[in-house]
Structures are given as structure tokens and as C-alpha cells.
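Participant: One predicted model, sequence on top.
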Amino acid sequence: MNYSQRSTRGSPELIVDTNIFYSAILYPYGNPAWLLEEADHRHVPVVLLDYVLDELGKVLGRKGVSPGTLLEFLGTFPSVKVRVSDAVRQSEIDLTRSCVTDRKDRPIVAFALHRLDEGRDCVLVTGDRKLFAPAVKRLLRGRVMTASEVLGTWMMGNR
């Protein structure tokens, strides 16, 4: 059995940022696309926030990608589940203000914090270097990774 087919019981859910989906769509042979493929093969839940879906639609629209193409792409990955971000508590949003300077990044960081506060095993997957700032990593208990780091963890665990 190759590593992509092995069980990943206990793998954290992946809360994926806009830039990861964007890169996966526009660069189908890069690590973000591979991450989505591997998550699917390993039955690892991938969380796509409604907020991220809206932002992704706008960003891709400026590149000429239609909403239908976006939905078709997402439909090829059963592990990707859209979640509504309104479960986030005000206190979690307030905590993000102190360490996340870009307002557009706050909802996903607050959602990741919310999932951690609920006791969920999750990781925020992003390519945004600002979200690797020490204050953000502390807030999310070190649960911020790049697509390459997640893939590397999976590969190292299957030796």
C-alpha cells in the first residue's frame, strides 16, 4: 500500500485559507493542489469557510474564472466541506484583532481559534507569511502550517 492510501486516523482537520485554494486552482501541479488530493485520499476533512468561498470567487473572477468553474473544481474533492463562520464568538474575534493586522485574515484565524477552543484537532493551512507571526502562532497554539509542511508531516509519518 502506498503512503497516500494509508489510514490517517487522528489527522487534524485542515482549515484552508483562500491563497491555498487559489493556488490549487491556478497551479494544479503545485503543493496546494497536491494537499487537496492527498487530503481526499486520506479522508482528512478540509474546511472551506463560507467567507473564504466568497473571497475566492471574487479573486478568481478577476482572473476570468467563472463561479461555475470554481464550484466544479470544489466538487471534485469530497473531503472539502463548506462551513459557516458565524459560530465564532465575539471574544475570539477580539483576540484576533491584537495579532492579525489584515482584516480579511481575521475571520479564518478566529474560526481556527474557535475550533481549537471546542477541542477540535485542527490546523490552519495558509501561504500567508503574516499568519506565521509569533503572536498568531501563539494564539493558535502553533497550529499554523503551509501546504508543504502538512504534506511533509504526512510523508514522514508513512516511512
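Facilitator: Received, thanks.

Participant: Contacts only, for residue 114.
Facilitator: By Cβ atoms under 8 Å, 6 or more residues apart in numbering, the contact list for residue 114 reads 87, 88, 89, 92. From N, CA and C alone the C-beta is placed, and that goes for glycine too.

Participant: Among those residues, show me the least confident.
Facilitator: Within these, pLDDT reaches its minimum at residue 87, with 81.

Participant: Output the below-cut-off pLDDT ranges for this protein.
Facilitator: The chain contains residues with pLDDT under 70 at 1-10, 158-159.

Participant: Which residue ranges of it form strands?
Facilitator: Along the chain, counting by DSSP state E, strands occupy 13-16, 46-49, 80-83, 122-125, 144-145.

Participant: Turn those into CSV, including mean neighbour count and distance to residue 33.
Facilitator: Putting the strands of the chain into CSV (neighbours: other Cβ atoms under 10 Å; distance: least, Cβ to Cβ, whole Å) gives the following:
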stretch, mean neighbour count, distance to residue 33
strand 13-16, 24, 12
strand 46-49, 22, 12
strand 80-83, 15, 12
strand 122-125, 25, 13
strand 144-145, 20, 16
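
Participant: among those, which is nearest residue 70?
Facilitator: For the strands of the chain, proximity to residue 70 was assessed by Cβ to Cβ; strand 46-49 is nearest, at 10.7 Å.

Participant: Identify the residues contacting the closest one?
Facilitator: 13-16, 21, 36, 39-40, 74, 77, 79-85, 107-108, 111, 115, 122.

Participant: just to revisit the earlier point, turn the strands of the chain into TSV, columns for distance to residue 97.
Facilitator: Converted to TSV, the strands of the chain look like this (distance: least, Cβ to Cβ, whole Å):
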stretch	distance to residue 97
strand 13-16	19
strand 46-49	18
strand 80-83	22
strand 122-125	17
strand 144-145	17
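
Participant: Turn the contacts of residue 114 into a markdown table, including distance to residue 29.
Facilitator: Compiled in a markdown table, the contacts of residue 114 are given as follows (distance: Cβ to Cβ, whole Å):
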| residue | distance to residue 29 |
| --- | --- |
| 87 | 35 |
| 88 | 34 |
| 89 | 39 |
| 92 | 36 |
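
Participant: could you flag which of those are buried?
Facilitator: 88, 92 (16 or more other Cβ atoms under 10 Å).

Participant: quick one: the helices in this structure?
Facilitator: 18-26, 31-42, 50-62, 67-75, 90-97, 106-117, 134-139, 147-156 (DSSP state H).

Participant: Pick the most buried one from those helices.
Facilitator: helix 106-117 (a mean of 23; mean count of other Cβ atoms under 10 Å).
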